[in-house]
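In: following is a predicted model, sequence given first.
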Amino acid sequence: QLLMLDVEEALKSGDMWLEYQPKVNIRDGRTVSFEALIRWRHPEFGRVAPDQWIPLAEEFGIIHTVTLWVLDRACRDSHPLRAKHGQDLSIAVNVSAKDLAHSLFHEEAGAIVRRHKLEPANITLEITETAMMSDPETARATLHTLSTMGFRIALDDFGSGHSSLGALAQFELDELKIDRSFLEGVLDYPARQKIMIAAMELGTSLDLDVVVEGVEDEAIALWLHQFPGLHGQGYYWGRPFNLRLRNH
Ligand code: G
Ligand code: G
Ligand code: MN
Ligand code: NA
């Protein structure tokens, strides 16, 4: 909790930074998007994982500042990434339920994107189904506004929460990210394969871009090759990397 006093300073000082992980077209291996993932090295406590502090930042009412900072950095970094990987590359940013409840979020997000000479269509906002369902009325209204502005909306960690199908039906979505838990044992158990296939087909039939999360090895990647139009994300294609340390 004391950590929360250090968040704003860490954003300014460079103790927080973004890493980017590719989402690829599984058939041809081309990168279609990069997801921004926040990192924090605390001067006293060392590395603090987002799972450890993002929920606190939501509770303490400072997630809004964090999310806008992430969006700003991601927009800035999108220029070199697009120069390298193509102008239709999308940059993905994780958004929390608390952000959607903030009445100015869409205006502030729109202003940041414009300031960087980008269009909302260049940005994908990833929201977990748990976040969407925590206050569905507010989430639906804000997501509708953001979608109308042109932002792409992704349902993150699909299948890990309690109301997956409900979220699919209720929100205006462009992308479905199938939670990596679906891949556990998928090569060994026919029932798991059928569930995975059904989840992918559900997304495709709703005209969503389908992203399979957590692909770690070649065996899974080869299995996924049989399904056309699929996108994937995972250590197999690339770990989150620091744009400033490596040349991508
Ligand atoms: O990459 P990683 O293991 O560190 O991410 C862990 C979790 O933290 C993931 O669920 C991811 O969505 C979340 N996360 C990473 N970066 C951000 C961020 O900038 N904002 C929010 N709200 N969540 C993030
Ligand atoms: O927002 P989301 O929950 O999808 O965040 C992605 C999280 O998953 C990050 O923590 C990222 O580091 C992690 N991740 C990305 N690829 C893999 C993978 O192949 N295996 C595992 N175990 N985690 C992954
Ligand atoms: Mn995500
Ligand atoms: Na997530």
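Out: Okay, I see it. Ligands and ions are numbered 1, 2, ... in the order given.
In: near ligand 2, which residues of this structure?
Out: Residues of the chain found near ligand 2 (CB under 6 Å from any ligand atom) are 21, 37, 94, 126, 156-157, 180, 213-216, 233-235, 240. The C-beta positions use only the backbone N, C-alpha and C, and glycine is treated the same way.
In: where along the chain do the strands fall?
Out: 16-25, 31-42, 46-47, 90-94, 123-128, 152-158, 175-178, 209-213, 231-233 (DSSP state E).
In: follow-up on the earlier one: buried among the residues of the chain next to ligand 2? Make that a ChimeraX selection.
Out: Remark: buried members of those, expressed as a ChimeraX selection using 16 or more other CB atoms under 10 Å:
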select :21,37,94,126,156,157,180,213,214,215,233,234,240
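In: Leu176 and Asp15, how far apart?
Out: According to CB to CB, to the nearest Å, Leu176 stands 34 Å off from Asp15.
In: just want to know which of the two has more residues nearby.
Out: Set side by side, Leu176 and Asp15 show more neighbours around Leu176, with 25 against 16, by other CB atoms under 10 Å.
In: tell me what that one is bridged to.
Out: Taking DSSP bridges as the rule, Leu176 bridges to Leu155, Val210.
In: and it, how far from ligand 3?
Out: Here the criterion is CB to the ion, to the nearest Å. By it, Leu176 lies 12 Å from ligand 3.
In: tell me who's in contact with that residue.
Out: Residues counted as contacts of Leu176 (CB atoms under 8 Å, 6 or more residues apart in numbering) are Ala154, Leu155, Phe158, Leu168, Leu202, Gly203, Leu206, Leu208, Asp209, Val210, Val211.
In: could you redo the last one with a cut-off of 7 Å?
Out: Leu155, Phe158, Gly203, Leu208, Val210 (CB atoms under 7 Å, 6 or more residues apart in numbering).
In: now for Gln226, how many residues are close by?
Out: 10.
In: phi, psi for it please.
Out: The phi and psi values for Gln226, taken as degrees, to the nearest 10, are phi -70, psi -10.
In: from Arg76, how far out is it?
Out: Gln226 sits at a distance of 38 Å from Arg76 (criterion: CB to CB).
In: circling back to that earlier point, what's the closest of the residues of the chain next to ligand 2 to His64?
Out: Asn94 (13.3 Å; CB to CB).
In: nearest spatial neighbour of that closest one, skipping sequence neighbours?
Out: Distances taken as CB to CB, 6 or more residues apart in numbering put Glu126 closest to Asn94, at 4.9 Å, once the chain neighbours are dropped.
In: and if you look at Ile195?
Out: Phe182 (6.8 Å).
In: okay but that neighbour is in contact with Ile197, surely?
Out: No: between Phe182 and Ile197 there is no contact under CB atoms under 7 Å: 10.1 Å.
In: of those two, who's got more company?
Out: For Phe182 and Ile197, the more surrounded residue by other CB under 10 Å is Phe182, and the numbers stand at 19 against 13.
In: which pLDDT value belongs to that one?
Out: Predicted confidence (pLDDT) for Phe182: 95.
In: so where is this structure shaky, pLDDT-wise?
Out: 246-248 (pLDDT under 70).
In: quick one: name the residues of it near ligand 3.
Out: With CB under 5 Å from the ion as the criterion, the chain comes near ligand 3 at residues Asn94, Glu126, Asp156.
In: in JSON lines, list these along with distance to Leu187.
Out: Output for the residues of the chain next to ligand 3, formatted as JSON lines (distance: CB to CB, whole Å):
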{"residue": "Asn94", "distance to Leu187": "29"}
{"residue": "Glu126", "distance to Leu187": "27"}
{"residue": "Asp156", "distance to Leu187": "24"}
